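K.L.:
coords below, sequence missing:
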Ligand SMILES: [Zn+2]
């Protein structure tokens with residue numbers, strides 16, 4: 001299955017790939033966050049409870 005991701009609008013080099021997450025009740029949340037594949041760019045966008053927030057660092061969280 002071939003999928004195409006949207007190009008990153010910031011660096012125009014990387015692509016935005018979706019990350020999934022799991023909700024509190026165990027239901028999966030598809031495409032909760034999108035991150036640029038270009039590590040030098042670091043653009044990211046996340047969706048929390050219907051609100052979109054951009055530019056927050058998505059780290060490899062130590063949690
Ligand atoms: Zn980018």
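P.N.:
Alright, I've got the coordinates. Treat the numbers as computed from the prediction; the structure is a model and nothing was measured.
K.L.:
do you know how far residue 45 is from residue 51?
P.N.:
11 Å (Cβ to Cβ, to the nearest Å). In short, each C-beta sits where N, CA and C put it, glycine included.
K.L.:
how many other residues sit next to residue 12?
P.N.:
Neighbourhood size, residue 12 [other Cβ atoms under 10 Å]: 9.
K.L.:
which element is it on?
P.N.:
Using DSSP states H and E, residue 12 maps to neither a helix nor a strand.
K.L.:
coming back round to it: which of residue 45 and residue 51 has more neighbours?
P.N.:
Remark: of residue 45 and residue 51, residue 45 carries more neighbours, 17 against 7, as counted by other Cβ under 10 Å.
K.L.:
Would you mind measuring from that one to the ion?
P.N.:
To the ion, residue 45 is 11 Å away according to Cβ to the ion, to the nearest Å.
K.L.:
Can you tell me the strand partners of the helix or strand in which that residue is found and which way each runs?
P.N.:
Residue 45 is located in strand 44-48, with elements delineated by DSSP H and E. Under the criterion DSSP bridges, strand 44-48 sits next to strand 28-36 (antiparallel), strand 51-54 (antiparallel) in its sheet.
K.L.:
any chance of the ones you listed in CSV, plus distance to the ion?
P.N.:
Compiled in CSV, the strands paired with strand 44-48 are given as follows (distance: least, Cβ to the ion, whole Å):
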stretch, distance to the ion
strand 28-36, 3
strand 51-54, 12
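K.L.:
Many thanks, have a good one.
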